[in-house]
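Visitor: Build me a model from this:
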Amino acid sequence: MRAAAFALVARSIARFVAQLAFAAVALGPCAARATVTAIDDAGNTVTLPAPAQRVVSLAPHVTELLYAAGGGAKLVGAVAYSDYPPEAQHVPRVGDNRALDLERIATLKPDLIVVWRHGNAQQQLDRLRALHIPLFFSEPHELDDVATSLTRLGALLGTDATAQAAAAAYRRDIAQLRARYARRAPVSVFYEVWDQPLMTINGSHMISDVIALCGGRNIFAALKPLVPTVSTEAVLAANPDAIVTASQGATSPDRPLPSLERWRAWPALAAVAHGNLFAVDGDLLTRPTPRIAQGAAQLCGDLEHTRSRDAASH
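Guide: Below is the predicted model of the structure:
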C-alpha cells in the first residue's frame, strides 16, 4: 500500500513539474516580447513595457507611417491634415502640429505619442513631457530613413511583420528608381518652396535627396538653413534647367501653377526657355512616408522631360 501511495504521489509531482515546464515554454516567448524598444530620430531609446495599444500622432506624416507600419487600429488621436489613408480622417483630432489640445490628449490615455521632432512647438513638447507618456520623435531626413522609421515604429507597435514588409516594398521602389536614373545626364534644379518670400531647400532636406535620386542637382544645396530664403537674382544667376514646386494634387507639366508662371518674365532663363516648369503633388513629395517613392517617380519623370527638351533644343 505504501509503495502504491508513493508511486501515486511521484506521478502527481511529475505531472505538476511537466505542467510547470510547459507553462514556462509557452510563456517564455511572450515574456521576452513584453518589453519593446526602439531608437527615435532624436537618438533617444524609447522602451515600452508592452507593445503600444493607444497611440497619438502629432504630424500628418507620422499618421501615414503608423498606418503603413500596421498600427492604424491603435491610433486614438491625430492632428489636423492627417488625411491619408482615408480612414485616418475619422481619427479624433487633437489640434494641429503647433497648437495641441493637451487636455484631449491626456483624456485619450495614450501609451505612446509620436512627435514631429522640429515641427511641434517646444513649449507644447515640454507640457507633453509633464504627462509622463513615452514620446517617440520622428523626423526622417533621407529617403532611406523612411524604411528605418517603419521598422522602428513596428517594433513599438508589435506589428513587426507588417512594418518589415512595408519597409522592404519601399526599399525596392527606391532601389529601382536609383538604378534607372543613376547614370542619366545631370539636371540643375531650383526647388521653390514658397514664392513670397522666395524660399527653397538645402542639401540636407529630403526633397534634395529625391532630386539627387533622379539625377538632378539642387542649385542651393550648399546653403546653411534647411529652408533658406533666396533672391530672384540668385536663381537667375544659377540659371537652372528646371524649376519645381509642390502643388495640391497633380498638375499638368504644360499648365504650371501661378507661382511658377512668374518666371516667364525671364524668357532667357533655361527652365523657361525649354518649358521646364513643373509642379509635383505635394502630399507625395513633402511627407517622409512610403508615398514619397511615388512623388520621386513623378519628379524623375519631369527631369527626364527636361533632358529630352534640352536635347531637342540643341
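Visitor: contacts, neighbours, all on C-alpha from now
Guide: Noted.
Visitor: Find me the pLDDT at the closest residue to A270 other than its chain neighbours, would you?
Guide: Distances taken as CA to CA, 6 or more residues apart in numbering place D241 nearest to A270, at 5.3 Å, with adjacent residues excluded. With respect to pLDDT, D241 has a value of 98.
Visitor: D241: neighbour count?
Guide: Neighbours of D241 under the rule other CA atoms under 10 Å: 26.
Visitor: Is V76 in contact with T107, as I believe?
Guide: No. Judged on CA atoms under 8 Å, V76 makes no contact with T107 at a distance of 10.5 Å.
Visitor: higher neighbour count, these two?
Guide: A count of neighbours by other CA under 10 Å puts V76 above the other of V76 and T107, at 21 against 8.
Visitor: Next up, the contacts around that one.
Guide: R54, V55, V56, V91, P92, L108, P110 (CA atoms under 8 Å, 6 or more residues apart in numbering).
Visitor: Surely it is in a strand?
Guide: Yes. Assessed with DSSP: H, G, I helix; E, B strand; the rest coil, V76 lies in a strand.
Visitor: how far away is it from W194?
Guide: V76 sits 33 Å away from W194, going by CA to CA, to the nearest Å.
Visitor: just P225 next, same as before
Guide: From P225 to W194 the distance is 15 Å (CA to CA).
Visitor: in the stretch 1-150 of the chain, which ranges drop under the pLDDT threshold?
Guide: Applying pLDDT under 70 to the stretch 1-150 of the chain flags the ranges 1-33.
Visitor: Show me the helices in it, by range?
Guide: In the stretch 1-150 of the chain, the helices defined using DSSP state H, counting those that start in this stretch lie at 2-34, 60-68, 102-107, 122-129, 143-157.
Visitor: tell me how far the last one is from the chain's mean position?
Guide: Right, helix 143-157. Here helix 143-157 is found 9 Å from its chain centre; the criterion is CA atoms, centre = their mean, to the nearest Å.
Visitor: Renumber starting at 126 from here on
Guide: Sure, I'll start numbering at 126, so the last one becomes helix 268-282.
Visitor: Can you list the neighbours in contact with it?
Guide: Taking CA under 8 Å, 6+ apart as the rule, helix 268-282 contacts 161-165, 172-173, 176-178, 190-191, 193-196, 263, 265, 285-289, 291-293, 295-296, 299, 331, 334-335, 413-415.
Visitor: From these, list the buried ones, please.
Guide: 161-165, 172-173, 176-178, 190-191, 193-196, 263, 265, 285, 287-289, 291-292, 295-296, 299, 331, 334-335, 413-415 (16 or more other CA atoms under 10 Å).
Visitor: Where strands are concerned, which of those count?
Guide: V161, T162, A163, I164, T172, L173, S263 (DSSP state E).
Visitor: Please convert the residues you listed to CSV, extending it with distance to H186.
Guide: CSV is the format used below for those (distance: CA to CA, whole Å):
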residue, distance to H186
V161, 23
T162, 21
A163, 19
I164, 18
T172, 22
L173, 22
S263, 9
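Visitor: and of these, the nearest to V312?
Guide: The closest of those to V312 turns out to be S263 (CA to CA; 31.1 Å).
Visitor: Isn't that closest one up against V187?
Guide: Yes. Applying CA under 8 Å, one finds S263 in contact with V187, separated by 7.1 Å.
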